[in-house]
Structure formats: C-alpha cells, structure tokens
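S.K.: Dropping the sequence and predicted coords here.
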Amino acid sequence: MDALSLDTFDIRDYLREELLPHFMCPGCGHGIALRALLWAVHKRAIPKDRLAVVCGIGCSGRVGGYIDANTFHTTHGRPLAFATGLALARPDLEVVVITGDGDCLAIGGNHLIHACRRNLKLTCLMLNNEIYGMTGGQVSPTTGEGRLTSTTPQGNAEPTFDACALAAAAGASFVGRGMTLQTAALKDLISEGLAHQGFAFIEVISDCTEIFGRKNDLGSSPEIILRQKGSMRPDTYGNVVDQPFRARAVRTGVLSRSDRPEYGAAYRATLPDGTAP
Amino acid sequence: MATTGRQNLQGNQACALAAIAAGCRFFGGYPITPSSEIAERMSHELPRVGGVFIQMEDEIASMAAVIGASMGGVKAMTATSGPGFSLKQENLGYAAMTEMPCVIVDVMRGGPSTGMPTRPAQGDIMQSRWGTHGDHPMIVLTPCSVKEIYDQTVRAFNLSETLRTPVVVLYDETIGHLVETVDLPAPATVEQAGRKWATGPRDAYLPYADPGDGIPAMARPGDGYRCHTTGLTHGESGFPTQQPDEVAAMMQRLLGKLDRHRAIVDRFETLHADDADVLVVAIGITARAAHRAVQQARQRGVRAGLFRPVTLWPFPEPAFRDAAAGASKVLVAEMNAGQLSLEIERLCASPGKVARLTRFTGQPIGPAEILASIEDLAGHGRT
C-alpha cells in the first residue's frame, strides 16, 4: 500500500467507538500498541470482517475488545490455543493474538513454545509491561530484578525471561521486538509480522505507569516511556548464551526470520483434492 | 476400516465414526488412556473428509482449540479421560458461558488423580456436571453399548449445535473398549442439526438476545457482524456488564435454556419399571449388569425394575419420579463411592428408600451382586 493510502488511515474506522473512552490507565502503553496494530492492519488492507483478534486475560486481554472486528476474549494464557483452532478451521480469517507477559510467558508458556514450533500462520503481539496490572501489580516473568511489586515487597529476586530468545529457540519463524516509544518502527514491525507466512512473535515493550511506575518511583508517564530508550542495549540479544535471563532484553526490530513451511498450508496439502477447509 | 454397514466395532471407534457422520470437522486431542483410540481414529478419518485433526500440547490447549474451531463455525470435538477432563474444565466453562457448541468425550477410568488408567470406573458423574466453576448448564449423555455410543455421539453434536452448549459424552472404560457387532447407518442418512446463524442487518443484531426460545443466533466470523465473544459476564450486546439487571437476565436465560428444551434433552430407558418394587438405577456397563439382574429377579418372582438415564445431566427428573413412585426401594449401582446415589437420594427424599451398591476397585459390578442386593432389599421390604 502506498503512502497516499496510508494518509487515509483513521483509527476510528477500526474502533468500536461506542465503547470509548477505553479503560486503560493514563500513560499505559497498550493504547499505542493498539494504534500500531490497527495501522498495520490498514496498511495490509485486511478487511475488518476477515480480521479475528484473540486475546487472553489481563490488561492486554481487554485491548482486543475495542477493535471493530471478530474479537474473542478467551481464558488466561490460552489465546494461542484458541487461535490455533480458529486459524486451522478458518484459514480465510486473518488471526491476530494479543497477549501479555504473564498471559503468554507464565500461565500460557506451554502454548507459546508449541505455537512457535508448529509455525501456524498467526501474528502474536505480546504486550510486555513487566507486571500483572489487572490484578493489582504482582511480579511477572519479565519483571526486572530488584523491582518492587505487590508480591515482591523486598524487590524481585527472580531472573527475567527474554521472550524473544525463547520464541526463537522454540522455532518461531518470525521474531521481533518493538517499543511503544518508537511508534513508526513498531507499526512497520507489526505490518511485517502480519505479512509473514508463519508464526510471527512480536514483543511490544509497553509501560504500566500507574501501578509499576508508581510502585518503583519511576516518575511521570513521559519519563517512564523515555526510559525505554535509556535502557536500550543493542547487544543484549547477542549475549543470550552468556546471560540468558538476567536482563530485560531490548534489542528491537526483526530479530530473526526464516521461511519454514507454514503449518496450516502443510496440513491442507495432505488432504484429498477439493476437501480442504 | 469400514465406516458404514455391519461390522465388529469397538466403542471408542464407534464414537469417532459417529462424530464424522454428525458433521464433526475438527478434533483437538491429547493422548490419554483409555480414550486414545478416539483420537487415533479421528486422525485417520478427518483428513478423508477435509477436516482438521490436531494433537495439541496439552489437554487445556486441545479444549481451547476445539472451542476456537467452533468459534469459526466448525463442529468440533475432543476426547479424554479423568485427569484430562479435570484440565479441560477451565475452558469447558468458557464454552458454557459463551454458548459455544462443542462435544467432549470422557472415557472414565479409576480415580482420583492418575488412579487406574486401564481400569473402568464411573467416578466422573459429578465432575461432568459441576467440574467447572460457577452455575452453568451442562448436558451429559451416557451410553451403555457400542451402538449407543454411536447414536449418543451423533445426538451430542445435534444437541450442542441446536442448544448452543457444550455436551459431554460420558462412558466407562469397559464400554469404550467393548467390541460389539453393530450396523452403522450410511453417513448421509444420519441426522445433522445445524447451528442457528445470524441473518439480517448488523445494526439490529444482538449476539446474546433471547429470540424467544432461549437460544441466540450466532454470528459467523466473516459474515460482517464483527461481534465480541467473552467469558466475562456479558449483556445482550456480548460486551461485559456488571449491571445487576443485565447479569440476572443473562444468567436466567443461560441456566434456564435446557429446561425450556427438556423434550429433546431428556432420554432414559426403563425395564419393568411400571410395577417394580425394587427399582435399580445404573449407567454404562453397570446398567448392562443391572439389566440382566432385573431379568433374573423377575424369573425368581421378585418385582425388580431398571431406570437407566441416557441423558445423565440434566437428570431426567420427571421420568424418574414416575418410575420410582411405586417402588418401595431404589437401588443405585455405580462404580464410585456414591455419586449418582446423591442425586437419587435427593429425588426420593424419603429416608431409607435408597440403597447403594458401590465399588471403586476397578472391577465392574456383576449381575449376581446386583441380583443379591435386589433380593436382599425385596426381602427387607416384605418383613
């Protein structure tokens, strides 16, 4: 799609305006991620009727409900498993999963690694805000070491997951990371993920200002989002072997990509002629 | 492997063939004894008809994938046994709440926990009704022969689609691994009920409004309705609500919808129940033994009868009350510590009327034991 067409992007065309204002806190990064996703949907000219958005539980799980599409708010940690059934049964749909760091890496971790391995065409956005925000700010698998949460009153002593390293190791054929600070790059990254023929895992560094930010005295919302830039360490991903889970990895962009066979097409190729769904 | 006509067939295989005939085109599975033959047969049959078979990473995911396929409008099924059934309960509740049709087969083995994987039991009677949290409708069908597994699996799909509710097909390991001669119908002659799909203008469509029969029409993704589906308590629009009046209206419709369709939900079988002095209640392989015991008791002059629920939940309450009204004793025979007994005691409400014959050793209850209990109860009734 050319630049002129993108000038026509109006987020209201893709939102259920009757549900606004949304429920996200001031300063929350999830709205930025939502806008980037809808921009990418527009760029890829995906019709809303053909777009299916499958979410889990948590703050990230509530994002999909604002999209004027076929939206499914499923159970905690399971959106990838629901999406797997939906995408296999209805290959005519464009299936996007929106999940969070707790939803995807803790309770849903098994589904993530097998979705990566299986390589079904799905685009998975994991909104990483380092916290269980919806339940009041408990420690998550991506909470930084030393951070204060409502369940780590002395500071988090657990190491942090590098979700992208995990996804790549499990075989995801497209792995990328974006930041809500860098919206242009994030839009392009999601757009590339949507176009990828296979499982696309995209971690979006987002921020929980109201709960995580306050608890850790990180300052105002603009100060918090600017920390994303300050914490960028382009070499982190390369050091995965040495320090697998010690730092919040923040190398951004497309981190790995391959053109392994897409599972849905591979399965359908085994079916007798004329019978495929 | 023939899919139609006269043949010797195992119960689990019959379940798979029935699903195909009923229009099932998606199976999400996970291996577990003693249900695995269902998944294995589905992996052979589904590709032949353009369907999708997938073995998921765990029981939770297989239930989720099945509901995901159903969200896309495709008839879908999974099969498991006790430990896996426990794991499926989370998403089973989601299917009940979102009114997403799906069929779950539970081939019962000894429990609790890993229990006795290869031994029969009937210990999931209460779990099949109340395994997921919160108040919810649930249909559970409980066949007792290979042919009935076929028929009730077909019926499970039709009820699930017609009433927009998950349906459990529940049978013990003995029935699942039983091989009997059956005459399967040509798939084209098998009744297939479809889901009620939304038609008409999008602006006028409310995904969870009661059209009068308690069963909302569903919007198929891609048809232009662009609806929201959530496990949160929702109003007619499908979006979350905590307004007490909206919550009450939704829950009352959800909890009442099976009652409004009892005529197609309730199924049971009786033998000599009309004049029975001792009425036996049993399901599955235990009902087969009870059938024989009742015949033997009659030959010995004891007025015994049998009430066998085919639809286990909701329990065919009016029919049972009729059958039990004239009996002085009701004997519940079951392979657990007394789960069906709880329901029968509730319905009889007469202290001492209900006797239990229970076993949880992994051995089926035989006709001789049931006959002895019948005679014992009949003797007490006379003195």
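M.R.: Cool, the structure landed.
S.K.: What residue spans form the domains of chain B?
M.R.: If you go by automatic domain parsing, the domain ranges for chain B are B:5-185, B:269-382.
S.K.: would JSON lines of those domains with mean pLDDT and distance to chain A be doable?
M.R.: Yep, even glycine has a C-beta here, placed from its N, CA and C like the rest. Shown next, in JSON lines, are those (pLDDT from 0 to 100; distance: least, Cβ to the nearest Cβ, whole Å):
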{"stretch": "domain B:5-185", "mean pLDDT": "98", "distance to chain A": "3"}
{"stretch": "domain B:269-382", "mean pLDDT": "96", "distance to chain A": "23"}
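S.K.: The residue of the stretch 101-250 of chain A found nearest chain B: helix or strand, and which one exactly?
M.R.: With Cβ to the nearest Cβ as the measure, A:His114 is the residue of the stretch 101-250 of chain A nearest to chain B, at 3.9 Å. For A:His114, the element it lies in under DSSP states H and E is helix A:109-118.
S.K.: Let me know the next secondary structure element after that helix.
M.R.: strand A:122-128.
S.K.: ok now that following strand, how far from the chain's centre?
M.R.: Centroid separation for strand A:122-128 versus its chain: 2 Å, with Cα atoms, centre = their mean, to the nearest Å.
S.K.: In contact with the residue nearest in space to the middle of chain B, which residues?
M.R.: Centroid-nearest residue in chain B, with Cα atoms, centre = their mean: B:Val140, separated by 2.3 Å. Going by Cβ atoms under 8 Å, 6 or more residues apart in numbering or on different chains, B:Val140 touches B:128-129, B:167-170, B:311-313.
S.K.: Kindly report the same for B:Ser43.
M.R.: B:27, B:29, B:53, B:55.
S.K.: I'd guess the first one is in a strand, am I close?
M.R.: Right, B:Phe27. Yes: counting by DSSP: H, G, I helix; E, B strand; the rest coil, B:Phe27 is part of a strand.
S.K.: related to what we said a few turns ago, filter the contacts of B:Ser43 to the buried ones?
M.R.: Buried subset of the contacts of B:Ser43 (neighbour count, 16 or more other Cβ atoms under 10 Å in any protein chain shown): B:27, B:29, B:53.
S.K.: Not counting stretch B:323-334 itself, show me its contacts.
M.R.: Against stretch B:323-334 from outside (Cβ under 8 Å, 6+ apart): B:122, B:125, B:270, B:273-283, B:286, B:289-290, B:305, B:307, B:338, B:340-341, B:344, B:347-348, B:353-358, B:365, B:370, B:373-374, B:377-378, B:380-381.
S.K.: Any of these buried? List them.
M.R.: Neighbour counting over the contacts of stretch B:323-334 (16+ other Cβ under 10 Å) leaves B:122, B:125, B:270, B:273, B:276-283, B:286, B:289-290, B:305, B:307, B:338, B:340-341, B:344, B:347-348, B:354-358, B:365, B:370, B:373-374, B:377-378 as the buried ones.
S.K.: So which of the residues you listed sit within helices?
M.R.: The helices, defined by DSSP state H, take in B:125, B:286, B:289-290, B:340-341, B:344, B:347-348, B:370, B:373-374, B:377-378 from the buried ones among the contacts of stretch B:323-334.
S.K.: which one among these gets closest to B:Glu148?
M.R.: Nearest to B:Glu148 among these is B:Thr286, at 14.1 Å by Cβ to Cβ.
S.K.: so B:Met77, which of the three states?
M.R.: Secondary structure, three-state DSSP: B:Met77 is strand.
S.K.: Give me the helices and strands touching the strand ranked longest in chain B, please.
M.R.: Ranked by number of residues, the top strand in chain B under DSSP state E is strand B:102-110. If you count contacts as 3 or more Cβ pairs under 8 Å, 6 or more residues apart in numbering or on different chains; DSSP states H and E, strand B:102-110 packs onto helix B:11-22, helix B:59-71, strand B:76-80, helix B:82-98, strand B:116-120, helix B:146-163, strand B:166-172, helix B:173-177.
S.K.: so can I have JSON lines of the ones you listed showing mean neighbour count?
M.R.: Converted to JSON lines, those look like this (neighbours: other Cβ atoms under 10 Å in any protein chain shown):
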{"stretch": "helix B:11-22", "mean neighbour count": "27"}
{"stretch": "helix B:59-71", "mean neighbour count": "31"}
{"stretch": "strand B:76-80", "mean neighbour count": "30"}
{"stretch": "helix B:82-98", "mean neighbour count": "23"}
{"stretch": "strand B:116-120", "mean neighbour count": "18"}
{"stretch": "helix B:146-163", "mean neighbour count": "25"}
{"stretch": "strand B:166-172", "mean neighbour count": "28"}
{"stretch": "helix B:173-177", "mean neighbour count": "26"}
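S.K.: Of all the ones you listed, which one comes closest to B:Val294?
M.R.: With Cβ to Cβ as the measure, helix B:146-163 is the member of these nearest B:Val294 (17.9 Å).
S.K.: Output the contacting helices and strands for that closest one.
M.R.: helix B:11-22, strand B:102-110, strand B:139-141, strand B:166-172, helix B:173-177, strand B:179-184, helix B:262-265.
S.K.: just the helices in chain A please.
M.R.: Along chain A, counting by DSSP H, helices occupy A:3-7, A:30-43, A:79-89, A:101, A:109-118, A:163-169, A:183-195, A:214-215, A:221-230, A:263-269.
S.K.: For the stretch 1-150 of chain A, which residue gets nearest to chain B?
M.R.: Across the stretch 1-150 of chain A, the shortest distance to chain B (Cβ to the nearest Cβ) belongs to A:Gly85, at 2.8 Å.
S.K.: can you tell me which residues contact that residue?
M.R.: For A:Gly85, the contacting residues are B:26, B:28, B:54, B:64-72, B:76, by Cβ under 8 Å, 6+ apart.
S.K.: cool, A:Gly213 as well?
M.R.: A:Gly213 neighbours (Cβ under 8 Å, 6+ apart): A:27, A:207, A:219, A:221, A:224.
S.K.: Distance of it relative to B:Thr189?
M.R.: In this view, A:Gly213 and B:Thr189 are 65 Å apart by Cβ to Cβ, to the nearest Å.
S.K.: what's around B:Ile325, how many residues?
M.R.: One correction, residue B:325 is Ala, not Ile. Close neighbours of B:Ala325, defined as other Cβ atoms under 10 Å in any protein chain shown, add up to 10.
S.K.: do A:Leu6 as well
M.R.: For A:Leu6, the neighbour count with other Cβ under 10 Å is 12.
S.K.: and what of B:Ala248?
M.R.: Neighbours of B:Ala248 under the rule other Cβ under 10 Å: 10.
S.K.: What residues does the stretch 51-200 of chain A have near chain B?
M.R.: By Cβ under 8 Å from any Cβ of the partner chain, the residues of the stretch 51-200 of chain A that approach chain B are A:52, A:54, A:65, A:68-75, A:78, A:81-90, A:92-93, A:110-111, A:113-114.
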